[in-house]
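> Structure for the following, please:
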Amino acid sequence: MGFSGLCSPPLMLFEHVHLEAFGHALPSEVTTSKQLEEQLAPLYERLSLNVGRLELMSGILERRHWPEGTRPSEVATLAAEDALGRCDIDRSRIGMLVHAAVCRDFLEPATASVVHGALGLPETATAFDLSNACLGFVNAMALVAHAIETGTIEAGMVVAGEDGGPLVRQTIRALLDNPGVGRRDVKLAYASLTIGSGAAACILTRDSISRVKRKLLGGISKAATQHVGLCQGDQVGRDGPLMETDSEALLIAGNSLAKRTWTAFLRHMRWEQPVIDRVVTHQVGAAHRKLLLETLNINPTIDYPTVAQLGNIGSVSLPLTYDLAERAEHIQPGQRVALLGIGSGLHCCMLGVQA
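Numbering: from 1, shown residues only. I've put the predicted structure just below:
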């Protein structure tokens, strides 16, 4: 197999790419925003903060987390098996596997290698990780689609397993263990407390082997990397990850980038806004959703919100929401759907789908 398809241009139009199946997995363990704030009670009391502000600021009632020790590859494999079980494409035809989560099993080798082995994919299927914060899954869909369109492969799979539990637990420990923590530190840490867990998968195929009508039509991507410092996370020793987010500045810069991308997306796809039947967005929080839809002049009824119950699930958020929306029949066959992806960095990628 050649590797001419291992790239994705900023402007994309596809004629032969189908979205064969989506799959997902969600943890059973639920943690409410109130429960997290109860753990922060000593800090809240010292800073005179009221319980309920996390839910008020984010619109997130609860999020889910995997049991401690769960590896991203384990849950990504569950989502992949779910997708494979919902289509007639044999796994032997998969030519590319991309694991596109923020989380991964280890620094080396690629988490995709673990999933590749667990799924029993053929040795001809290349496997690698793609990382781009919350936008990784959408970027990977575009990359696999390009490989299919150019004839490099006939089918590919994108998977992601995200676990926000370690970040949430370490954020709480860091806030409680530092006696010098002030209100500003709490504000920078709030976004970390919104993070949930989940896994998603998408199988993409060439029209010649597809058994479904759902097509990926094209898309566009833009970057605003002058804002790279607004949300940054890193590993801190053996205690777990920490992240700092200027939520307000990120909200403003992100929506500005989304507006520019949306205008270019409509022009590139030759779509007038009224022809779009549904949108699926990256779920960050209630304020982000409200401002994004207002900025793009999108009727909230065509969106499918999941953030209140699932929190922000990183790269998994958009594909998992699409899958839930379709299973709930919010997305109907034949409808035009816009996938609105965005991730810290800042980067934005929007894809057009004929369901």
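
> Just give the nearest non-adjacent residue to D246, would you?
Among residues not flanking D246 along the chain, L230 sits closest, at 4.9 Å (Cβ to Cβ, 6 or more residues apart in numbering). Every residue, glycine included, has its C-beta placed from N, CA and C.

> Let me see the contact set for that neighbour.
L230 sits next to 245-246, 249-250, 253, 344, 346 when contact means Cβ atoms under 8 Å, 6 or more residues apart in numbering.

> Let me know the distance separating it from S344.
Distance from L230 to S344, counting by Cβ to Cβ, to the nearest Å: 7 Å.

> what residues are shared contacts of those two?
Joint contacts of L230 and S344 (Cβ under 8 Å, 6+ apart) are 245, 250.

> so where do the helices sit in the stretch 51-200 of the chain?
In the stretch 51-200 of the chain, the helices defined using DSSP state H, counting those that start in this stretch lie at 53-58, 72-84, 111-119, 136-149, 165-177, 183-189.

> right, I mislabeled it, should have said the stretch 251-355 of the chain
So, for the stretch 251-355 of the chain - with DSSP H, counting those that start in this stretch - the helices run 286-295, 307-310, 317-327.

> what residues does the second one touch?
Contacts with helix 307-310, where a contact means Cβ under 8 Å, 6+ apart, come from 26, 58-64, 196, 198, 283-286, 289, 317, 320.

> so who does the residue lying farthest from the centre of the chain touch?
The C-alpha centroid of the chain is most remote from R46, which lies 35.6 Å away (Cα atoms, centre = their mean). Contacts of R46 were listed using Cβ under 8 Å, 6+ apart, and none were found.

> So it: helix, strand or coil?
helix (DSSP: H, G, I helix; E, B strand; the rest coil).

> Now that we're looking at it, what pLDDT does it have?
Confidence at R46, expressed as pLDDT, is 94.

> Next: P166.
At P166, the model reports a pLDDT of 93.

> What is the neighbour count of the residue nearest to it when sequence neighbours are not counted?
Take P166 and drop its neighbours on the chain: the residue closest to it by Cβ to Cβ, 6+ apart is G240, 4.5 Å away. By the measure other Cβ atoms under 10 Å, the count of residues near G240 is 16.

> residue contacts, G198?
By Cβ under 8 Å, 6+ apart, G198 lies in contact with 24-27, 64, 75, 162, 310, 313, 316-317, 320.

> gap between T321 and R63?
Applying Cβ to Cβ, the value for T321 to R63 is 14 Å.

> how about the nearest residue to L324 once chain neighbours are set aside, phi and psi?
Of all residues not flanking L324 in the chain, T306 sits nearest, at 6.2 Å (Cβ to Cβ, 6+ apart). When read as degrees, to the nearest 10, the backbone of T306 gives phi -130, psi -10.

> L11 too?
Main-chain dihedrals, L11, degrees, to the nearest 10: phi -120, psi 130.

> correct me, but it touches H268?
Yes - at 6.0 Å, L11 counts as touching H268 under the criterion of Cβ atoms under 8 Å.

> which residue is nearest the middle of the protein?
Relative to the mean C-alpha position of the chain, the nearest C-alpha, by Cα atoms, centre = their mean, is the one of S315, at 2.2 Å.
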